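J.: Return atomic coordinates for the entry below.
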Amino acid sequence: MASEQDVRARLQRAGQEHLLRFCAELAPGPRAALLAELAALEPEALREHCRRAAAACARPPGPAPDLAARLRPLPPERVGSAYRGDAGMRRLWESEGFHQISRNKVAVLLLAGGQGTRLGVTYPKGMYQVGLPSQKTLYQLQAERIRRVEQLAGERHGTRCVLPWYIMTSEFTLGPTVKFFKEQDFFCLDPNNVVMFEQRMLPAVTFDGKAILERKDKVALAPDGNGGLYCALADHQVLEDMERRGVEFVHVYCVDNILVRLADPVFIGFCVLQGADCGAKVVEKAYPEEPVGVVCQVDGVPQVVEYSEISPETAQLRRPDGSLLYSAGNICNHFFTRGFLQTVTREFEPLLTPHVAVKKVPYVDEEGNPVKPIKPNGIKMEKFVFDVFQFAKNFVAFEVLRDEEFSPLKNADSADRDTPSTARRALLAQHYRWALQAGAHFLDAHGVQLPEMPSLPSSAEPPAVCEISPLVSYSGEGLEVYLRGQGFPSPLILDENRARVLQP
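T.: The predicted structure is shown next:
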């Protein structure tokens, strides 16, 4: 263990010796914990981190003056679609995706380092229940989609296939996530195929470049953003594990999207057949000012431009058909080849520019009293997973329907959007549409058929409650055998245990 003298010398080199100002007051246990935490911070990297944070915060916000002239939408030949164009081509993409899954060439990687703070909970988001009849959590829904897509690929190709699930956690989420998965018996997945690893933590920094003490014995640390993935892959030899398993293609996604299709065969197949090393699912922006990043090109290079960086005039530009020119909304749903990820971790990760997040960071004042600030007082530096698009040799985007594939869970129900209620409604509306497409109809309390609403948007409350287990259907397939020509009262639950209709 590093001595206090050694740690002090390291902090002096970093210009952050103030982090030890309460060390003499601490009991042996807390003092040892603080020294261990500080010893893990490399002096030159800490000094540069604090310098960059202060410098980045000093830059004026808003769009770069010349950005509009450098901005272009992605060329049409680099964009596929799950709902436009040739259905035969989509079947070809799906077939290729299932082929690669059946050969154990595909893995899924979950970004789950964030806490549920905005949701108002102290546990990881993946453990959250949005209030479905089944009471399933986000983690359970995702695990069951993995099991179903493995089953579908195996049935097509007469093999038993494995879809490894890599889960990037943080200091905050690793312990609770491991405990939860063990309590749930890994949702019937083989624990050897569920690989959890931890991303790095970085100190929060004041506006004048000083690392913040959260308590007398603890630095204020935060995960380094979902772009911390690339350092974490190297830190924990995750790519080496993928190579040992024969994985060539990786689907990366964010924990909070209740509609996410893990290892979507259509998306995987499209990317593989396009020869892509990097790809992104996108949804059409709902309106010009929608606060989502846009997948586009800057100086001919693919990247995500944040909504705050695009001027209102540029955001409202339209094509001749009336659609938005910059409409490809980023949903944190990506394809990478393992080879591309290896190149990023070896060569490009140090070139990534961290982004500034100005936050209210709890701290101790000069007398050691804890303070919960009422306005932002610090900077957290984050990297974004999509920052590597610029390094791709063959980047593609893939359009999907928002109502079918994107409903994020970010806020408590007191907010206007992206809440437990909107996520629950989106999933139940999707399952209601699937049931109608399979030939079911719904009855009211008197046995009278309810009017059908097959184009029901995810924002609307469905006329009847219908929940379909992912183990029964991954994307609406195979439901006719259970539902065709039958009328059901609400709620209708198609349960995986007996694969038959239950009516609670």
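J.: how does this structure divide into domains?
T.: Residue ranges for the domains of the chain, per automatic domain parsing: 1-41, 79-288+327-405, 439-502.
J.: Secondary structure class of residue 304, three-state.
T.: strand (DSSP: H, G, I helix; E, B strand; the rest coil).
J.: burial count for the residue nearest to residue 476 when sequence neighbours are not counted?
T.: Ranked by C-beta to C-beta, 6 or more residues apart in numbering and with sequence neighbours excluded, the top spatial neighbour of residue 476 is residue 434, at 4.1 Å. No exception for glycine: its C-beta is placed from N, CA and C like everyone else's. For residue 434, the neighbour count with other C-beta atoms under 10 Å is 20.
J.: From residue 149, how far out is residue 434?
T.: Separation of residue 434 from residue 149 (C-beta to C-beta, to the nearest Å): 16 Å.
J.: same deal with residue 134?
T.: Per C-beta to C-beta, residue 134 is found 19 Å from residue 149.
J.: Quick check: what element follows the top helix by length along the chain along the chain?
T.: Among the segments of the chain that qualify as a helix by DSSP state H, the longest is helix 138-157. Once the chain leaves helix 138-157, the next helix or strand it forms, by DSSP states H and E, is strand 165-169.
J.: Sheet partners, orientation included, of that next one?
T.: If you go by DSSP bridges, strand 165-169 pairs up with strand 106-111 (parallel), strand 194-198 (parallel).
J.: Indicate which one of the ones you listed is closest to residue 247.
T.: strand 106-111 (4.5 Å; C-beta to C-beta).
J.: Pick the most buried one from the strands paired with strand 165-169.
T.: strand 106-111 (a mean of 25; mean count of other C-beta atoms under 10 Å).
J.: hmm, who's touching that one?
T.: 97, 100, 126, 142, 146, 163-168, 226, 229, 242, 245, 247-255, 262-263, 268, 332, 385 (C-beta atoms under 8 Å, 6 or more residues apart in numbering).
J.: 7 Å instead?
T.: 100, 146, 163-168, 226, 229, 242, 247, 249-255, 262-263, 268, 385 (C-beta atoms under 7 Å, 6 or more residues apart in numbering).
J.: got the angle between it and helix 138-157?
T.: Between the axes of strand 106-111 and helix 138-157, defined by axes from the mean of the first three to the mean of the last three C-alpha atoms, to 10 degrees, the angle is 170 degrees.
J.: If you average the pLDDT over strand 106-111, what comes out?
T.: On average, the pLDDT along strand 106-111 is 98.
J.: same deal with stretch 330-343?
T.: On average, the pLDDT along stretch 330-343 is 98.
J.: buried set for that stretch?
T.: 330-338, 340-343 (16 or more other C-beta atoms under 10 Å).
J.: three-state assignment of residue 493?
T.: strand.
J.: What number of residues are in the vicinity of it?
T.: Residues near residue 493, counting by other C-beta under 10 Å: 19.
J.: Give me the distance between it and residue 13.
T.: 61 Å.
J.: just residue 299 next, same as before
T.: Here residue 299 is placed at a distance of 38 Å from residue 13 (C-beta to C-beta).
J.: and these two? which has more neighbours close in?
T.: residue 13 (13 against 10).
J.: How many residues are close by the closest residue to that one other than its chain neighbours?
T.: If the residues on either side of it in the chain are set aside, residue 13 comes closest to residue 43, at 4.1 Å by C-beta to C-beta, 6+ apart. Residues contacting residue 43 under the criterion other C-beta under 10 Å number 16.
J.: what residues are up against residue 43?
T.: So residue 43 contacts 10, 13, 14 (C-beta under 7 Å, 6+ apart).
J.: Please say which of residue 134 and residue 149 ends up with more neighbours.
T.: A direct count of neighbours by other C-beta under 10 Å for residue 134 and residue 149 places residue 149 higher, at 26 against 14.
J.: Might one say that that one is in contact with residue 474?
T.: Yes - in this structure, residue 149 is within contact of residue 474 by C-beta atoms under 7 Å, at 5.6 Å.
J.: quick one: the residue lying closest to residue 440 once chain neighbours are set aside from residue 158, how far?
T.: Among residues not flanking residue 440 along the chain, residue 483 sits closest, at 3.8 Å (C-beta to C-beta, 6+ apart). Taking C-beta to C-beta as the measure, residue 483 falls 28 Å from residue 158.
J.: got it, and residue 440?
T.: 31 Å.
J.: Those two: who's more crowded?
T.: Between residue 440 and residue 158, counted using other C-beta under 10 Å, the more crowded position is residue 440 (24 against 7).
J.: At the geometric centre of this structure, which residue sits there?
T.: Centroid-nearest residue in the chain, with C-alpha atoms, centre = their mean: residue 254, separated by 1.2 Å.
J.: Quick check: chain neighbours aside, which residue is closest to it?
T.: Closest to residue 254 by C-beta to C-beta, 6+ apart is residue 332, at 4.0 Å.
J.: Check the contact between residue 35 and residue 4; I expect there is one.
T.: Yes - when contacts are counted by C-beta under 7 Å, residue 35 is listed as touching residue 4 (6.1 Å).
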